[in-house]
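J.: For reference, the sequence and a predicted model appear below.
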Amino acid sequence: MRWVRRVDERVMRAVTSAGCAALDEVMPRASRVADQLLVWWLIAGTLRAGGGRRSRRAAARAALAMSVAGTLANGVRIYVFHRERPPEVLSRRRPGRVPDSPGFPSGHSAGAAAFATTLVCEAPRRVSVPVAALASLVAYSRVYTGAHYPGDVAAGAATGVAVALAVHGLFPAEERR
């Protein structure tokens with residue numbers, strides 16, 4: 001497992017050393033906007049309130065997938081894995097206070113990936129593409145700001161995608177006419 005740690009540290013150094021003023025401004029905000037899954041709840045609420053039938057159904061399923069994925073990732077992180085978060089020396093671009101909890105897998109990435117994957121499977125492209133881009137930005141920001149190693153983010157994203165596909169399989173979208 002040492003090789004995994006070395007690869008994670010190398011990738012993290014590459015990401016965090018390639019900073020620029022614009023990214024230093026945007027990435028901490030992108031990381032914070034997904035705290036408590038707030039941005040995803042706001043998007044789901046907006047789609048439920050003003051979207052068409054297909055978007056409303058997709059929003060409800062995306063909220064379900066996100067809730068399950070976030071809970072699963074956070075529970076696994078706390079009760080199963082005890083991987084430390086990256087030391088501050090690897091990145092000085094913290095998004096604010098980094099939690100003391102273990103870092104593997106990333107709950108931010110799990111929730112974002114579950115939400116976005118569900119919308120990609122079920123919502124119109126005009127909705128799903130911007131949400132998928134935002135989810136990718138949030139996941140990348142977790143590494144850029146030093147809150148997680150790349151492996152933490154990849155494991156969180158994989159968890160989110162798996163949960164979204166399971167929700168999609170359990171509750172398939174209606175056939176289009």
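T.: Received the coordinates, thanks. Numbering: from 1, shown residues only.
J.: which stretch of helix or strand covers the residue nearest the centre of the chain?
T.: The C-alpha lying nearest the average C-alpha coordinate of the chain belongs to S109 (C-alpha atoms, centre = their mean; 2.0 Å). Using DSSP states H and E, S109 sits within helix 107-122.
J.: That helix - what's its average pLDDT?
T.: The average of the pLDDT scores along helix 107-122 is 92.
J.: what helices or strands is that helix leaning on?
T.: Applying 3 or more C-beta pairs under 8 Å, 6 or more residues apart in numbering; DSSP states H and E, one finds that helix 107-122 makes contact with helix 38-50, helix 53-79, helix 125-144, helix 150-170. Every C-beta, even on glycine, is put in place using the N, C-alpha and C of the backbone.
J.: Can you give the distance of it from its chain's centre?
T.: Remark: helix 107-122 is offset 7 Å from the chain centroid, using C-alpha atoms, centre = their mean, to the nearest Å.
J.: Same question for stretch 20-39.
T.: 12 Å.
J.: And for stretch 67-76?
T.: Using C-alpha atoms, centre = their mean, the offset of stretch 67-76 from its chain centre is 11 Å.
J.: wait, what's in contact with V120?
T.: Neighbour list for V120: 128, 132 [criterion: C-beta atoms under 8 Å, 6 or more residues apart in numbering].
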